[in-house]
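[1] sequence first, predicted coordinates after that:
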Amino acid sequence: MARILRTATTIAVLSTALAACSGEGGGDGAAPAGPAVGPASSSPSAPSSSPSSAASTPVPAGAITWGPCTDIKRPGEQTPARPDPAQQCGSLRVPLDYAAPAGEAIDIAVIRIKAQGPGTRIGSLVFNFGGPGASGVDTLAQAAKAFADLNKRYDLVSFDPRGVDRSSGVRCGDKAVMDEYTSMDTLPANAAERAEMQKIIGRFTAACRQSSGKILPHVGTVNAAADMDRLRVALGEQRLHYFGISYGTQLGAVYATRFPRNVGRFVLDAPLDPRVSMAERSRVQTKGFQHAYESFLRDCVKRPGECEIGADATIAGKNVTALMDELNDKPLKVGDRQLTQGLAGVGVAAALYSELTWPLLDQALSEARKGDGRILLAMADSYNGRLPDGNYTTLMSSFPAISCVDTSERPTPGQIAAIETETLKISPLFGGSGMGLICSMWPVPGSDAARRVDASGSAPIMVIGGTGDPATPYEWAPKLTTELRTGVLVTYKGEGHGAYLSGDACVKKVTEDYLIGGKVPAKGVTCVGS
């Protein structure tokens, strides 16, 4: 049992700190085997509680009152017994609707870890760790040690974007709705199964409207970028220094497009190409996850007798396929729950985000083949934001809310079927309809404003792409670099989602030379992972 608990902790840190994304074919990329999903219901109109215990007296718009962080969640979703004195939390008041800036306002939850020294403080470095839908407050608190060298010279800052967790987080019904949505089989074998899938998604989207109808039209990357510029002002910074990972690269790119003169030192790691269509995103991400899965299988069998799922890559792959087929017909009982094909697919995809979890994936699949689905279910739960008490974070609700508002695409049934057919040919394990089905049923319209990128006039922006990244495949890195006009590409030849957090010494040096020393990378810099 101790190994299972450690499993949940490991996946919680990696899936959040590296991407925190979910749902096939949208955002960062995610479990291509399943849709995006989330937690329990709450009032849609009242701002979520602030992570700060600061006084509740009103403060002027644009000001942050800092206080101790009192509700930070650690891996495993346990709240620490006492606040970390190095961490400060607060909230920033912003308009709900920027078209009516004097109207209703919401609070954006913010966290700060002040520069530790030695050396002169450069300023604030704002992070977005991915999603869309990841809590920047919790993630920075969890992952601060990974950025310790940057923390010597910068105040590390992050926030829950609007529609996420403490910042009027989108919620889509109670835990029963969420359990049904996250556990549904995502590869329907016939018309009846496809109709059932549509009914489940319909109940989910209806719950989103009922629980969070007021915030739904106002989430999205364009508004989050406007919030981020208000955060820059509140922090007292003339220019925004920024580190975006995965979806955070799209947020950074949109910010640089809308506020190019306010761009300071910008790092975009594991980049998205915002301009791609929904179909193209599904296609490219399916290829990315399939490539990572095949790399996992090859790595697993390198050491004779140590790969538990098969003696060679072909046998191992067939064994996994057989397991998924069995789960589709007969889910595996795990306590009072079931490990379905959909949940198993999410668990597999979650482990592909980092080579560190590949041995764990081998163990999880092996145990499931023997009838014990606890590890694989724990991996899926952590990725989906399911808490030990059965409730959910807003991650899986915020994800489709932001993704579907960020595009005007609402695919027809024929277009959805075409995406599914094409991606299943690429990968029977990870193929599917992507975000097409859920966005086609989303209760509010979307806009393409967040897909237009051109940062002309900004300072140089460093873009890091990994050749073995499953969720944001490398081909998007040079595309985003070109679209920005001011981008400088750094290539990381290695596996996993996100280069800086891979621990590669070359990537770390190039990134820190830029963020700390102001040295813009030379054209064509390549780091070869170990």
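    Great, that's in hand.
[2] Tyr261 contacts Ser458, doesn't it?
    Heads up, residue 261 is Arg, not Tyr. Yes: with contact defined as Cβ atoms under 8 Å, Arg261 reaches Ser458; the gap is 7.3 Å. Backbone N, C-alpha and C define where each C-beta goes, glycine included.
[3] quick check, Leu489 in a strand?
    Yes: with DSSP: H, G, I helix; E, B strand; the rest coil as the criterion, Leu489 is part of a strand.
[4] neighbour-wise, which of Arg261 and Ser458 wins?
    Ranked by neighbour count (other Cβ atoms under 10 Å), Arg261 and Ser458 place Ser458 first, with 22 against 10.
[5] hang on, that one in a strand?
    No: Ser458 is assigned coil when assessed by three-state DSSP, not a strand.
[6] tell me how far it lies from Asn262.
    8 Å (Cβ to Cβ, to the nearest Å).
[7] repeat for Ser168
    25 Å.
[8] and if you look at Gly436?
    Counting by Cβ to Cβ, the gap from Gly436 to Asn262 is 35 Å.
[9] tell me which of the two has more neighbours.
    Gly436 (27 against 18).
[10] now do the contacts for the more buried one.
    Gly25, Met278, Ala279, Ser282, Glu409, Pro411, Gln415, Ile416, Ile419 (Cβ atoms under 8 Å, 6 or more residues apart in numbering).
[11] among those residues, which are in helices?
    Met278, Ala279, Ser282, Gln415, Ile416, Ile419 (DSSP state H).
[12] Three-state assignment for Thr526, please.
    Reduced to three states by three-state DSSP, Thr526 is strand.
[13] what are the bridge partners for it, then?
    Taking DSSP bridges as the rule, Thr526 bridges to Thr491.
[14] who's in contact with it?
    Neighbours of Thr526 in contact, by Cβ under 8 Å, 6+ apart: Val490, Thr491, Tyr492, Lys493.
[15] name all residues that make contact with the nearest residue to Leu297 once chain neighbours are set aside.
    Spatially, and ignoring its direct neighbours in sequence, Leu297 is nearest to Ala313 (4.3 Å; Cβ to Cβ, 6 or more residues apart in numbering). With contacts defined as Cβ under 8 Å, 6+ apart, Ala313 is in contact with Glu294, Leu297, Arg298, Cys300, Val301.
[16] distance to Gly103, secondary structure and neighbour count added to the residues you listed, as CSV?
    Shown next, in CSV, are the contacts of Ala313 (distance: Cβ to Cβ, whole Å; DSSP: H, G, I helix; E, B strand; the rest coil; neighbours: other Cβ atoms under 10 Å):
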residue, distance to Gly103, secondary structure, neighbour count
Glu294, 52, helix, 13
Leu297, 54, helix, 21
Arg298, 56, helix, 13
Cys300, 56, helix, 21
Val301, 60, coil, 19
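[17] can you list those residues in JSON lines and add pLDDT and distance to Arg230?
    Compiled in JSON lines, those are given as follows (pLDDT from 0 to 100; distance: Cβ to Cβ, whole Å):
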{"residue": "Glu294", "pLDDT": "96", "distance to Arg230": "45"}
{"residue": "Leu297", "pLDDT": "96", "distance to Arg230": "47"}
{"residue": "Arg298", "pLDDT": "96", "distance to Arg230": "48"}
{"residue": "Cys300", "pLDDT": "95", "distance to Arg230": "48"}
{"residue": "Val301", "pLDDT": "94", "distance to Arg230": "52"}
